[in-house]
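In: just a sequence and a predicted model for now, questions to come.
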Amino acid sequence: MLSHPIVRDARRALRIALPLMGAQVLQIGNGLVDALVAGRLGRAELAAGGMGAGLWFFVSMSCIGLMAGLSPTLSNMIGASRRAAVGAQFRQGLWLAVMVGVLAGLAILICFLSVHRWGLDPELPALIKEYLRGAGWSLPAFAILMACRNLYEATGISTPVLLIQGVGLIVNLFFSFGLGLGLWGLPKLGLFGIGLSTTIVALTMTGLLLFGLRRKRFQRYELFQSFDWPKFSVLSTMLVLALPIYFGMVFEGGIFFFTNLQMATLGTIESASHNIAISISALCYMLPLGLALALTARIGKAYGRNAKGLVVRRIISGLVITVLMAALTIFLLLITRHWVGTLYTDDSAVLSLTATLLIFAAVFQLSDAFQVVLTGLLRGLQDTQVPMYINAFSYWVVAAPIGYYLAKYTWVGAPGLWVGLIVGLSLASILLAWRLKQQVNVKFPN
C-alpha cells in the first residue's frame with residue numbers, strides 16, 4: 001500500500017506542501033495574535049479590529065491575486081526547461097508588485113475616509129480607522145512579498161518561506177502586544193499599534209525573502225542578472241492570467257467580508273463572536289490553501305512537460321490529502337468549540353454565540369478545502385477565467401442572498417449568514433470539480 005503510485009506522489013506533494021501549510025498557518029497566526037491583543041482592549045476593539053483586518057485582507061487580495069499568475073507561469077517555464085526566462089519574468093513581476101501595492105494603499109485610504117458612512121455600530125468606525133492608519137502602509141511591501149513567494153513556490157523551494165514566516169510571527173508577537181498593550185517599554189497605541197505591527201512585519205519579511213533569492217540555489221535563474229524597465233507587453237500577458245485569479249479571489253473573499261459587514265450591522269456581540277469564529281476557521285483554511293499553492297506548481301510543471309498521466313496522478317493524490325485534512329479540522333473544531341473562544345475574551349454572550357458559529361465552521365470544512373484545492377489545480381493548468389465565473393455565481397448569486405435573507409428576515413439571525421457560506425462553498429466545489437474534469441480532457445485530448 002505504501003508503495004502505491006498515488007501514495008508515493010502524495011508523499012512528494014506533502015514534502016513541498018507542508019512548509020507552505022506551515023507558512024500559511026503562521027501567517028494567519030499573525031491575525032490570531034492581533035485578535036488576542038484587540039480582545040484584551042475591549043469588546044468594541046475586538047469587533048473593530050476584526051473589521052479593520054477584514055478590510056485590510058480584502059484590499060490585500062489585489063496583491064495576492066494579481067501576483068498569483070507568477071507561480072503557474074514560472075513553474076511552466078521550469079517544467080519546459082526554460083530556466084533562462086525565469087529571471088526576466090520575475091523582474092517584471094516585481095514591477096507589477098510595486099504598481100499593485102501602491103494602488104492597494106490608495107484603496108485602503110478610500111476605506112479610511114469613508115468607513116464612517118457604512119452604517120456600522122456607532123462605536124466601530126473611529127476604532128477601525130485607528131487600525132487602518134497603522135496597517136495601510138504595509139501594502140506595497142506585501143505585494144513584493146507575494147511576488148517573491150510565488151517564485152519560491154514555483155521552484156519547489158518552500159522551506160525558506162516557512163522559516164521567514166516564523167520570523168514574521170515572532171516580530172508580530174513583540175510589536176502587536178508591545179504597541180497594542182504598551183508592554184516592554186513600548187507606548188500603548190491600541191488598534192493603531194496593532195496595525196503598525198502589520199507594517200513592520202511586512203517590511204521585515206519582504207527584506208528577508210529578497211535576501212534569500214540571492215543565495216546559490218537560485219543563481220541558475222539569473223533573477224538579478226540585469227536591471228529591466230517595465231515591459232508592458234509582458235505585464236499585460238501576466239495580467240491576462242492573473243486578473244481572473246484576482247477577481248475569483250475577490251468574489252470568494254468578498255463574501256466573507258460581506259458576512260463580516262452584515263455581522264457588524266447586527267450588533268457588537270454578533271460581530272465579536274463572528275470575528276473569533278472566522279479567525280479560527282481561517283486558521284483551518286490555511287492547510288488546504290498551502291496544499292493548493294504546492295499543487296499549482298506541481299501541476300504546472302507536469303503540464304509544461306505535457307505529461308497527462310503525471311497530471312492525473314497529482315490531481316488524485318492532492319484530493320486524497322484534502323479529504324484527510326478536512327476530516328482533521330472538522331474533528332478539532334467540534335471538540336474545541338466551547339473553550340477556544342476563551343483565548344480571546346471572557347464575555348459570556350460572545351462565547352456562547354462563538355460556540356454555535358463554530359459548528360457551522362465545522363460543517364463547511366470539506367467544501368472549503370475542496371474549492372481552494374480545485375482552484376489551485378485548475379490554476380496549474382492555466383485555467384483561471386471559468387473558476388472566476390464559478391466563484392461569482394456561487395458566492396454572489398447564491399450564497400449572499402441566502403445568508404442575508406436568513407439573517408435579516410428570519411429567526412435564524414447571525415448563523416443564517418454562515419448557512420449562506422456553506423451553500424456557496426459547496427456549490428463552488430461541485431462546479432470546480434466538473435471544470436477540472438473537463439479541462440483535463442481538453443488539455444490532454446489523447
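Out: Structure received.

In: please count neighbours and contacts with C-alpha atoms only from this point.
Out: Noted.

In: any idea which helix or strand in the chain has the lowest mean pLDDT?
Out: None of the helices or strands of the chain scores lower by mean pLDDT, DSSP states H and E than helix 70-79, at a mean of 77.

In: could I get the CA-only coordinates of that one as CSV?
Out: Extracted C-alpha coordinates of helix 70-79, given in CSV (Å, rounded to 0.1, in the frame of the first residue of the first chain):
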residue,chain,number,x,y,z
LEU,A,70,3.6,34.2,-11.5
SER,A,71,3.6,30.8,-9.9
PRO,A,72,1.9,28.8,-12.7
THR,A,73,3.8,30.8,-15.3
LEU,A,74,7.2,30.3,-13.7
SER,A,75,6.6,26.6,-12.9
ASN,A,76,5.5,26.0,-16.5
MET,A,77,8.8,27.6,-17.7
ILE,A,78,10.8,25.4,-15.3
GLY,A,79,8.9,22.3,-16.4
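
In: quick one: buried residues of it?
Out: Buried positions in helix 70-79, judged by neighbour count with 16 or more other C-alpha atoms under 10 Å: 70-79.

In: likewise for stretch 44-61?
Out: Quick answer for stretch 44-61 (16+ other C-alpha under 10 Å): 44-61.

In: just how off-centre is that stretch within its chain?
Out: Centroid separation for stretch 44-61 versus its chain: 14 Å, with C-alpha atoms, centre = their mean, to the nearest Å.

In: same check, this time on stretch 218-230
Out: For stretch 218-230 - counting by C-alpha atoms, centre = their mean - the centre lies 28 Å from the chain centre.

In: out of the buried residues of helix 70-79, which is nearest to residue 151?
Out: Distance to residue 151, by C-alpha to C-alpha, is smallest for residue 71 among the buried residues of helix 70-79, at 6.2 Å.

In: which residues touch residue 433?
Out: Residue 433 makes contact with residue 374 under the criterion C-alpha atoms under 8 Å, 6 or more residues apart in numbering.

In: hang on, residue 20 packs against residue 292?
Out: No - using C-alpha atoms under 8 Å as the test, residue 20 is too far from residue 292 to be in contact (9.3 Å).

In: and the buried residues of helix 70-79 as TSV, adding distance to residue 423?
Out: Listed next are the buried residues of helix 70-79 as TSV, based on distance: C-alpha to C-alpha, whole Å:
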residue	distance to residue 423
70	31
71	30
72	29
73	33
74	35
75	34
76	34
77	38
78	38
79	37
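
In: any idea which of those is closest to residue 141?
Out: Proximity of the buried residues of helix 70-79 to residue 141 (C-alpha to C-alpha) peaks at residue 70, which lies at 16.9 Å.

In: now do the contacts for the closest one.
Out: Neighbours of residue 70 in contact, by C-alpha under 8 Å, 6+ apart: 90, 93, 147, 150-151, 238, 242.

In: could you rerun that using 10 Å?
Out: Contact analysis of residue 70 by C-alpha atoms under 10 Å, 6 or more residues apart in numbering lists 76, 86, 89-90, 92-93, 146-151, 153-154, 238-239, 241-242.

In: related to what we said a few turns ago, now for residue 20 and residue 292: what residues contact both?
Out: With C-alpha under 10 Å, 6+ apart as the test, residue 20 and residue 292 both reach residue 286.

In: okay, and residue 189 sits in which element?
Out: Of the helices and strands defined by DSSP states H and E, none includes residue 189.

In: just the one 4 residues further on next, same as before
Out: If you go by DSSP H and E, residue 193 is part of helix 191-212.

In: among the buried residues of stretch 44-61, which are in helices?
Out: 44-61 (DSSP state H).

In: much appreciated, bye for now.
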